[in-house]
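K.L.:
what's the 3D shape of this:
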Amino acid sequence: MYTRIEAVEKIKAFVVSHQKISAAWEGGSIATGFDDELSDLDLCMVCKDPDKENVLRDLIAFLRETFGQENMYRLEEPTHHGFSQVFFKTKNTPEFFYVDFVVMSEEQEDKYIEANRHGQADIWLEKYKLDNTDRPAEKVHQVCQSLFNKTIQADFLIILELKKALHRKMFSEAFPVYYAFLTRYLIVLLNIKHRPEKADFGPRYIYRDYPEEDYLLIEKAMKVSNIEELKASSYLLLNLYDKLKKDLSTLY
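P.N.:
Just a heads-up that it's a prediction; the model follows:
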């Protein structure tokens, strides 16, 4: 059985020695300073576009041979971010350890390495010069503006469905709509307010990025257990949403 540290070191040695890989780094929790013994390995690799499949094949073969394979899932291409991405659950490693790795071409512009969005990456290899500077304020504003406009254009539908479900007093019907409103609408506006550079992150990491008051509000909202609690929480969140929409409309 390999420890997490031992497994990562073996994978790093393989990646650094691979002739087709021109840059590689560990992101995720190690980059944001929240890694622990339960962390997976978020591995990013860069190569020439024609070499992507070879790099994928070689790393998968290495993982199988070194650790054994418990499960594997590859995202269907084309992926939403443009990378080739594989989730590989190793054997002979800690229970919660797996490798989430992406292979991207040198030509792809956004490499998910900007410091203000993804933290300070642990660079393993840099034959190809990486740019891990912050996402420029102008681009952050453009992304926020687009998200804000898309959110408020469609919000009337989710609000109508939520109020209708509350009127019917069926918790099993109301809760999914309530949760969708919370995570896909309200949290988008809270992200724009509190962490605009991560406006598109959804609810991920809000516990460390939001002010305590707003994080605790969201956490409490996720703990409703009956229709009366859900109704009270819904109108509290709807009022907050209206206020955020009004305040942010002056910026976007």
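K.L.:
Pull out the buried positions in the helix or strand hosting residue 140.
P.N.:
Here residue 140, judged by DSSP states H and E, is contained in helix 137-168. Neighbour-count burial for helix 137-168, with 16 or more other Cβ atoms under 10 Å as criterion, is recorded at 140, 143-144, 147-148, 151-152, 155, 158-159, 161-163, 165-166. (C-beta placed from N, C-alpha, C; glycine too.)
K.L.:
swap in stretch 114-122?
P.N.:
Within stretch 114-122, the residues that qualify as buried are 114, 116-119, 121-122, counting by 16+ other Cβ under 10 Å.
K.L.:
now what about it, what contacts it?
P.N.:
Here stretch 114-122 makes contact (Cβ atoms under 8 Å, 6 or more residues apart in numbering) with 25-27, 30-33, 44, 112-113, 130, 132-135, 140, 197-198.
K.L.:
center of the protein - which residue?
P.N.:
Nearest to the mean C-alpha position of the chain, by Cα atoms, centre = their mean, lies residue 201 at 5.5 Å.
K.L.:
Could you find the closest non-adjacent residue to that one?
P.N.:
Once flanking residues are discounted, residue 201 sits nearest to residue 191: 6.4 Å by Cβ to Cβ, 6 or more residues apart in numbering.
K.L.:
Could you do residue 22 as well?
P.N.:
Take residue 22 and drop its neighbours on the chain: the residue closest to it by Cβ to Cβ, 6+ apart is residue 128, 3.8 Å away.
K.L.:
Hmm, residue 106 and the one you found touching each other?
P.N.:
Yes - contact criterion Cβ atoms under 8 Å: residue 128 and residue 106 qualify, at 5.5 Å.
K.L.:
what residues are shared contacts of the two?
P.N.:
In contact with both residue 128 and residue 106: 22, 46, using Cβ under 8 Å, 6+ apart.
K.L.:
Please tell me how far residue 22 sits from residue 165.
P.N.:
Applying Cβ to Cβ, to the nearest Å, the value for residue 22 to residue 165 is 52 Å.
K.L.:
try residue 102
P.N.:
Applying Cβ to Cβ to residue 102 and residue 165 gives a distance of 38 Å.
K.L.:
circling back to that earlier point, of the contacts of stretch 114-122, select the buried ones using a PyMOL command.
P.N.:
Here is the PyMOL selection string for the buried members of the contacts of stretch 114-122, based on 16+ other Cβ under 10 Å:
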select buried, resi 25+26+27+30+31+44+112+113+130+132+135+140+197+198
